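Colleague: This is a predicted model, with the sequence first.
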There are 2 protein chains.
Amino acid sequence: MTITTSVYIATSLDGFIAREDGSIDWLSQANTAVPPGEDCGYAAFMGSVDVVVMGRNTYEQVAAFEPWPYAGKRVVVLTSRLIDFRKGPEIQLEQSAELPQALLKRLASEGCKHAYVDGGKVIQNFLSHGLIDALTVTTVPILIGGGRPLFGRLPGDVRWTVARSKAYEFGFVQTTYLVRAGN
Amino acid sequence: MTITTSVYIATSLDGFIAREDGSIDWLSQANTAVPPGEDCGYAAFMGSVDVVVMGRNTYEQVAAFEPWPYAGKRVVVLTSRLIDFRKGPEIQLEQSAELPQALLKRLASEGCKHAYVDGGKVIQNFLSHGLIDALTVTTVPILIGGGRPLFGRLPGDVRWTVARSKAYEFGFVQTTYLVRAGN
């Protein structure tokens, strides 16, 4: 595969990306302590990405965001149901029902070099197929006790190396893991 | 409370302290990459502790360790069933069926200053009662897909500050969290 896949996501200390009902109030509240202009590397990461792959749930969460968070960026929404996509000059949305491997193969053949894989179910699905190369997890120092977990069942262990880890003074700890060969 | 309570534990990247069957093979294997003499701060931590509080499961896992890992240290095993404890000159084992708060109050009244709270269920129980002051989590860069989680349900959010975070060159990331006042 000539395409690299990355996850870039925030979780609670107990590993949830949202509460059971999808709420990320805990994350929004934690973000109020982040100094203006500090994006924890998000813009640099997004600048390195040429396609975003997300699930339908994630799309529906971001669909109405103003401005559109992925302006000028190709976005593939994985779903089998037809979506009436938001339209706009900087909006490049397409949908796909392909399996992860087939999708990545096609994206690579179309010249994509770096895919941002986002959304709980999609991340778990790609991970279970061994199709995530890099994982940047930003841990927010809060226990929320339950919710939608970042990680799920796997067919086997997946080992990683740590490329970098940074503790921000406002309490977030961000670590980038690279998948180890030979898992 | 004049007694401080700490957790000091290793977890997989997906937040498990053991597989479903209790196995920590993944941790033992990861430890083979740790340079000789590197203990990730464990001896210093243990040196600051005057009592260890653990559950029966944890006791049964460590009971036969040679040498006894808590030589010269008071160890309280939380259980309601009578335990036929291992005996030895440096072994100070006692059992208790007290609730967390009552136990800590008694330990404090007996002069204990710093309790090491260990074992999955016991940690979860103390956390759910708001009785953990410090949490040192050493994250091993492996996804195991399932097992015994470090964290469990909580009656409410618990916020923390980050006292320190360190990435070791062999891939462990250790972060110490201190509970925030007013949770």
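Modeller: Looks like it arrived, so ask away. Residues are numbered from 1 along each chain as shown, chains lettered A, B, ... in the order given.
Colleague: Going by residue numbers, what spans are helices in chain A?
Modeller: Taking DSSP state H to define them, one finds helices in chain A at A:25-31, A:42-47, A:56-62, A:100-109, A:120-128.
Colleague: Give the buried residues for the second one.
Modeller: Right, the one you point to is helix A:42-47. A:F45 (16 or more other CB atoms under 10 Å in any protein chain shown). Quick note: C-beta positions are derived from backbone N, CA and C, even for glycine.
Colleague: how about that helix as PDB, C-alpha atoms only?
Modeller: Taking C-alpha atoms only, helix A:42-47 is exported to PDB below (Å, rounded to 0.1, in the frame of the first residue of the first chain):
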ATOM      1  CA  TYR A  42      -4.000  19.500  14.400                       C
ATOM      2  CA  ALA A  43      -3.400  22.000  11.500                       C
ATOM      3  CA  ALA A  44       0.000  20.500  10.800                       C
ATOM      4  CA  PHE A  45      -1.500  17.000  10.800                       C
ATOM      5  CA  MET A  46      -4.400  18.100   8.500                       C
ATOM      6  CA  GLY A  47      -1.900  19.800   6.200                       C
END
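Colleague: That helix packs against which elements?
Modeller: strand A:4-12 (3 or more CB pairs under 8 Å, 6 or more residues apart in numbering or on different chains; DSSP states H and E).
Colleague: 10 Å - rerun?
Modeller: Judged by 3 or more CB pairs under 10 Å, 6 or more residues apart in numbering or on different chains; DSSP states H and E, the packing partners of helix A:42-47 are strand A:4-12, strand A:114-118, strand A:134-140.
Colleague: can I get the ones you listed in JSON lines with mean pLDDT, mean neighbour count and distance to A:F126?
Modeller: Formatted as JSON lines, these follow (pLDDT from 0 to 100; neighbours: other CB atoms under 10 Å in any protein chain shown; distance: least, CB to CB, whole Å):
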{"stretch": "strand A:4-12", "mean pLDDT": "98", "mean neighbour count": "21", "distance to A:F126": "7"}
{"stretch": "strand A:114-118", "mean pLDDT": "98", "mean neighbour count": "23", "distance to A:F126": "5"}
{"stretch": "strand A:134-140", "mean pLDDT": "98", "mean neighbour count": "22", "distance to A:F126": "10"}
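Colleague: okay, those strands in JSON lines with distance to B:R159 next?
Modeller: Shown next, in JSON lines, are the helices and strands packed on helix A:42-47 (distance: least, CB to CB, whole Å):
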{"stretch": "strand A:4-12", "distance to B:R159": "10"}
{"stretch": "strand A:114-118", "distance to B:R159": "26"}
{"stretch": "strand A:134-140", "distance to B:R159": "9"}
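Colleague: Show me the residue at the heart of chain A, geometrically.
Modeller: Nearest to the geometric centre of chain A sits A:D118, at 2.8 Å (CA atoms, centre = their mean).
Colleague: Is that residue bridged to anything, and to what?
Modeller: A:M54 (DSSP bridges).
Colleague: just checking, A:L82 touches A:Q95?
Modeller: Yes: A:L82 is within contact range of A:Q95, at 7.4 Å (criterion: CB atoms under 10 Å).
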